[in-house]
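A.B. asks: Sequence plus the predicted model coming up.
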Amino acid sequence: MPRGGSEVYVEFIVQGAFIKATAIDSKTGMEASIIGPVTASRADLSAAALRKLEYILKKRMGG
């Protein structure tokens, strides 16, 4: 979970044979998206999007 205890929303959009998972930080409004096969588990896609969001937030805060 991102710093500051903010909530993260995860959105899934199916596009043909692919699924796009977007993690959105409720405090900053920043988003991170990943794309994977539609056969991938939503838990795995969600975890990957969350890791990417954490990386982006950390990078933006100078860490």
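C.D. replies: Good, I have the coordinates. Numbering: from 1, shown residues only.

A.B. asks: in this structure, which spans are helices?
C.D. replies: Secondary structure of the chain, counting by DSSP state H: helices at 42-60.

A.B. asks: what ranges of this protein fall below the confidence cut-off?
C.D. replies: The model of the chain has pLDDT under 70 over residues 1-4, 63.

A.B. asks: distance between the ends of stretch 23-43?
C.D. replies: Stretch 23-43 has its terminal residues 12 Å apart, counting by CA to CA, to the nearest Å.

A.B. asks: Give me the contacts around that stretch.
C.D. replies: 2, 4, 6-12, 14, 16-22, 44-46, 48-50, 52-53, 55-57, 60 (CB atoms under 8 Å, 6 or more residues apart in numbering). From N, CA and C alone the C-beta is placed, and that goes for glycine too.

A.B. asks: Filter those residues down to the buried ones.
C.D. replies: 2, 8, 19, 21-22, 45-46, 48-50, 52-53, 56-57 (16 or more other CB atoms under 10 Å).

A.B. asks: Let's have the residues you listed in TSV, adding distance to Ile34.
C.D. replies: Below are the buried ones among the contacts of stretch 23-43 laid out as TSV (distance: CB to CB, whole Å):
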residue	distance to Ile34
Pro2	16
Val8	14
Ile19	9
Ala21	5
Thr22	8
Leu45	6
Ser46	9
Ala48	5
Ala49	5
Leu50	10
Lys52	6
Leu53	10
Ile56	12
Leu57	15
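
A.B. asks: Contact partners for Ala49?
C.D. replies: With CB under 8 Å, 6+ apart, Ala49 has these contacts: Val10, Ala21, Thr22, Ala23, Ala32, Ser33, Ile34.

A.B. asks: Identify the residue nearest it in space, chain neighbours excluded?
C.D. replies: Spatial nearest neighbour of Ala49, excluding adjacent residues (CB to CB, 6 or more residues apart in numbering): Ala23 at 3.9 Å.
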